[in-house]
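*Asks:* Have a look; sequence and predicted model below, questions after that.
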Amino acid sequence: MSELLNDFLKEKRILIAGAGTTGSEILKYFIFYEQLDLTILDFDTVMLSDLNRQFFFRESDIGRRKVAVISEYFLKFYNKKIKVIDKNLFDCEIEEFDLIFCCFDNIESRMELNIRISGTKCILIDIGIENLNAHVKKVIFEKTSCLFCIKDLYKQDKFRNICSLKGSQKREDQIYALLQKFESISNQEIARKRNTQDVIPENLKVFNEIQKSEIIIRETIDAFNTSNKKKTDEFEVIGIKDNIIANTCFIASIATAFAIAIIFDNENDFWFYNGANTPYITKTKIQKDHKCFICNK
């Protein structure tokens with residue numbers, strides 16, 4: 001795959017759109033490839049919540065532009081120059097690129113890229129992560145279905161994308177405040193709330209700690225969902241409580257491998273990974289939507 005990819009990437013102008021968790025994983029993949037024409041696009045600053053799941057940022061980078069930090073990192077540690085676009089997608093030109101990895105976490109930017117590549121020979125690889133699931137979609141104008149054809153996939157709002165804490169600071173702060181509130185729960189309250197009373201004294205301390213953690217999480221979820229239309233779940237609350245979102249990094253690495261591999265898949269243009277319960281992978285070819293205004297124009 002490495003040699004095949006190296007040959008494919010020669011003289012290709014590559015854009016990584018989005019410098020979040022997935023964008024960082026894509027960048028890591030390309031670190032050791034020589035002479036790549038690589039550009040990273042992002043209009044965001046480094047936040048504290050970025051540090052537990054992104055490779056290129058340090059605490060001293062908080063508040064700095066993401067693309068500037070990444071550019072400096074590549075030059076300092078790998079003596080590589082990468083181009084940067086420190087602009088909003090809607091304010092810049094992207095039609096010059098041959099291969100685009102869409103690592104945005106919002107529908108609007110995805111659909112904007114989808115429209116921009118129509119009429120070009122650019123290959124668009126869309127990467128999406130939600131909880132323990134990931135998908136990649138390859139879009140080649142006139143040859144495959146496009147992102148608008150699968151627009152319903154992006155309309156699911158039952159779960160919040162845990163990899164995107166940025167732009168949700170108020171929500172995160174509210175959940176954290178509730179966690180702190182329930183942290184002070186007493187052992188007597190734990191005993192009152194626990195499902196079983198049959199705990200031998202030797203195990204009581206350990207049992208209380210386990211029960212306390214479970215109760216704090218459950219009480220936080222219930223309290224938050226009572227006053228918020230967009231609900232939270234155990235996955236999000238635990239991620240904020242422990243300040244570690246290892247699953248996101250793991251899923252992002254899987255999605256990155258898919259994003260590279262699907263380039264050479266001539267039969268399928270959509271790969272899906274389900275990491276919940278028994279993990280499985282699905283590969284398929286998405287048919288064009290006859291109502292799609294892009295594919296049928």
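*Replies:* Looks like it came in fine. Quick caveat, the model's predicted, so the values are computed rather than measured. Numbers count the residues shown, from 1 in each chain.
*Asks:* Other residues contacting stretch 71-78?
*Replies:* Identification of contacts with stretch 71-78 by Cβ atoms under 8 Å, 6 or more residues apart in numbering yields I31, I40, F56, K80, K81, I82, V84. (C-beta placed from N, C-alpha, C; glycine too.)
*Asks:* Which parts of the stretch 101-250 of the chain are strands?
*Replies:* Ranges of strands in the stretch 101-250 of the chain, per DSSP state E, counting those that start in this stretch, are 123-130, 133-140.
*Asks:* what packs against the first one?
*Replies:* Contacts defined by 3 or more Cβ pairs under 8 Å, 6 or more residues apart in numbering; DSSP states H and E place strand 123-130 against helix 21-30, strand 99-102, helix 107-116, strand 133-140, helix 246-261.
*Asks:* where do the helices sit along this protein?
*Replies:* Counting by DSSP state H, the chain has helices at residues 2-9, 21-30, 66-78, 107-116, 169-183, 187-193, 201-227, 234-242, 246-261.
*Asks:* what's the average pLDDT for the longest one?
*Replies:* Right, the one you point to is helix 201-227. Taken as a whole, helix 201-227 has a mean pLDDT of 74.
*Asks:* Tell me both backbone torsions, phi and psi, for C92.
*Replies:* Main-chain dihedrals, C92, degrees, to the nearest 10: phi -140, psi 160.
*Asks:* Double-check it against T39; I have them as touching.
*Replies:* No. C92 is not in contact with T39 according to Cβ atoms under 8 Å; the separation is 10.3 Å.
*Asks:* Common neighbours of the two, please.
*Replies:* I85.
*Asks:* Pick out whichever of those two has more residues nearby.
*Replies:* T39 (19 against 11; other Cβ atoms under 10 Å).
*Asks:* give me every residue that touches the more buried one.
*Replies:* Residues in contact with T39 (Cβ under 8 Å, 6+ apart) are R13, I14, L15, I16, I82, K83, V84, I85, F97.
*Asks:* Identify all residues paired with it through a beta bridge.
*Replies:* Bridge pairing for T39 (DSSP bridges) gives the partners L15, K83.
*Asks:* Which pLDDT value belongs to it?
*Replies:* T39 is assigned a pLDDT of 96 by the prediction.
*Asks:* And N274, by the same measure?
*Replies:* Reported pLDDT for N274: 87.
*Asks:* do the same with I254
*Replies:* Predicted confidence (pLDDT) for I254: 94.
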